[in-house]
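Novice: Sequence and predicted structure below; questions after.
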Amino acid sequence: MKFVHAADIHLDSPLRGLDKYPGAPGDAMRSASRRALVNLVDLCVEEQAGLLVIAGDLYDGTWKDHGTGLFFASQMARLNEAKVKVVLLRGNHDAASQIAKNLRLPDNVRELSVRKPESIVYDELGVAVHGQGFATRAVTDDLAARYPAPVAGLVNIGVLHTSMDGREGHEPYAPTTLATLATRGYDYWALGHVHKREVLSRAPWVVFPGNLQGRHAKETGPKGATLVTVAGGRVAEVEARALDVVRWAAVPVDATGCATDGDVLDRVRDALAAAVKDADGRAVAARVVVVGESAAHIALAAEPERFVAEVRALATDAGADVWVEKVKVKTRAPLDLAGLRRQPDAIGELARALDALRHDDGALASLAAGLDELRKKLPAELRDGDDALRLDDPAYLRTLVDDVEQMILPRLVHAERP
């Protein structure tokens, strides 16, 4: 018998970061989560799985309309025809309090209770599934500690939407420990909530499958579900299966030694080609980050918008479905900064002032206070999100000192010594 473990499908959740890119395929991006769900159903059918377990966050929140629920119901009907059972529970995004709409699902779909832990037994599959969903978005109790005892003679699967004992970037919902999970005596723990695949234990198996489809630039690499093979009343094999349709990729480019911006673009072309190859035919959403000490730095810093346009043109020329979500230039000029700070001229005075600001907590705090009003006037997209301009944060301003130093000093030195 085989079963498939998936989580964090976030059906109809948009892919973030590509909407402002001219020419980005909006429809393809918006349908990515649906096509990934189709791939999940295809996997269950092709592998003749007896059971699909969805460990929370099937939905991303309340539906805009019934289309989201209708699409899920249609895919579950496909599984019903293939005689695949489905067990799901609610996580923080699709907690009972979060989903206002509801639809009747096919008879093969069962939802674990949000009121207390319960067990669903499939004697014909030799499996018992145990779990409890989220009644509200923020569940802070250790739900697993109250899960029922295993059913003798069956393979026991625990389903839990949890942060475990803490995972970076994830709210601490339904926290628990490996020791607590082990005490339940189950054969396999199907976890959800953490979007990165992780195998925490093999005795018993404790697995985060990761989310089904990456949704932004921090969710890079293969995404999908876990295929589990049961033989002789035990878990015999656990295998990750990639099911995403758009692959988010971090594309680092080392510009060290490049004499011109054209040399850098050649390296960008090669890096994008490698990302497309690694995606195995999927569409690629790339974040290009250019680093390294390079003589090309001045040209890159002088016309950043032109360089970004050149990079996106390379993506278009790649002849594949690849879109550049963002280009970050983190190069440095080959300068002797220590030597510049010793110069008795205006350039030396500026170099010393920037270095002093970098190490002066009081000056940075004063600068942050002065910039706070400016920050409040910025558009929302510049104030919020992972790449927000946090002008009221002294620690953030410290990181900007390096950028200012690398923007101004190379130009001054170059102008002085053409």
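Specialist: Happy to help now that I have it. As the structure is a computational prediction, the values presented were derived from the model and not from experiment.
Novice: Which of the helices and strands in the chain ranks last by mean pLDDT?
Specialist: helix 26-30 (a mean of 66; mean pLDDT, DSSP states H and E).
Novice: Give the next helix or strand downstream of that helix.
Specialist: helix 32-46 (DSSP states H and E).
Novice: and that next one, what other elements does it pack with?
Specialist: Contact here means 3 or more Cβ pairs under 8 Å, 6 or more residues apart in numbering; DSSP states H and E; on that basis helix 32-46 packs against strand 2-6, helix 67-81, strand 224-231. Where you see a C-beta, it was placed from the backbone N, CA and C, and this is true even at glycine.
Novice: which of those is buried the deepest?
Specialist: Ranked by mean neighbour count under mean count of other Cβ atoms under 10 Å, those are led by strand 2-6, which reaches a mean of 25.
Novice: which neighbours does it have in its sheet, and in what orientation?
Specialist: Applying DSSP bridges to the sheet, strand 2-6 is found paired with strand 51-55 (parallel), strand 224-231 (antiparallel).
Novice: Distance to M407 and mean pLDDT added to these, as TSV?
Specialist: TSV is the format used below for these (distance: least, Cβ to Cβ, whole Å; pLDDT from 0 to 100):
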stretch	distance to M407	mean pLDDT
strand 51-55	47	98
strand 224-231	42	98
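Novice: of all those strands, which lies closest to L143?
Specialist: strand 51-55 (12.2 Å; Cβ to Cβ).
Novice: Just the endpoints, please. Distance across stretch 84-92?
Specialist: 26 Å (Cα to Cα, to the nearest Å).
Novice: Hmm, I typed the wrong one, I wanted stretch 87-105.
Specialist: First-to-last residue span, stretch 87-105, Cα to Cα: 12 Å.
Novice: Could you give the average pLDDT over it?
Specialist: Mean pLDDT, computed over stretch 87-105, is 86.
Novice: Would you mark the buried spots in that stretch?
Specialist: 87-96, 98-99, 105 (16 or more other Cβ atoms under 10 Å).
Novice: Identify the farthest-apart pair in these.
Specialist: Farthest pair in the buried residues of stretch 87-105, by Cβ to Cβ: N92 and L105, 21.0 Å.
Novice: tell me the secondary structure for the residue most central in space within the chain?
Specialist: Nearest to the mean C-alpha position of the chain, by Cα atoms, centre = their mean, lies E219 at 2.2 Å. Secondary structure, DSSP: H, G, I helix; E, B strand; the rest coil: E219 is coil.
Novice: so who does it touch?
Specialist: Going by Cβ atoms under 8 Å, 6 or more residues apart in numbering, E219 touches H195, K196, N211, W248.
Novice: Doesn't the last one belong to a helix?
Specialist: No - assessed by three-state DSSP, W248 does not belong to a helix; its assignment is strand.
Novice: helix, strand or coil for the residue nearest to it when sequence neighbours are not counted?
Specialist: The shortest distance from W248 to any non-neighbouring residue, by Cβ to Cβ, 6 or more residues apart in numbering, is to G214 (4.2 Å). Assigned with three-state DSSP, G214 falls in the coil class.
Novice: Look up how far H195 lies from G214.
Specialist: As judged by Cβ to Cβ, to the nearest Å, G214 and H195 stand 8 Å apart.
Novice: what residue ranges in the stretch 151-300 of the chain score low on pLDDT?
Specialist: Along the stretch 151-300 of the chain, segments meeting pLDDT under 70 span 167, 169-170.
Novice: one more time with 80, if that's ok
Specialist: 166-171 (pLDDT under 80).
Novice: Show me the strands in it, by range?
Specialist: 155-161, 188-192, 198-202, 205-208, 224-231, 234-242, 246-254, 283-293 (DSSP state E, counting those that start in this stretch).
Novice: Same list (these) but as CSV, adding distance to T316.
Specialist: Compiled in CSV, those are given as follows (distance: least, Cβ to Cβ, whole Å):
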stretch, distance to T316
strand 155-161, 40
strand 188-192, 37
strand 198-202, 36
strand 205-208, 36
strand 224-231, 28
strand 234-242, 25
strand 246-254, 15
strand 283-293, 12
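Novice: Tell me which of the ones you listed lies nearest to K377.
Specialist: strand 283-293 (27.8 Å).
Novice: from the middle of its chain, how far away would the closest one be?
Specialist: 16 Å (Cα atoms, centre = their mean, to the nearest Å).
Novice: go on, stretch 86-99?
Specialist: Using Cα atoms, centre = their mean, the offset of stretch 86-99 from its chain centre is 20 Å.
Novice: Could you report the neighbour count for M164?
Specialist: Per other Cβ atoms under 10 Å, the neighbour tally for M164 reads 23.
Novice: just checking, it touches A179?
Specialist: No - M164 is beyond contact range of A179, at 11.2 Å (criterion: Cβ atoms under 8 Å).
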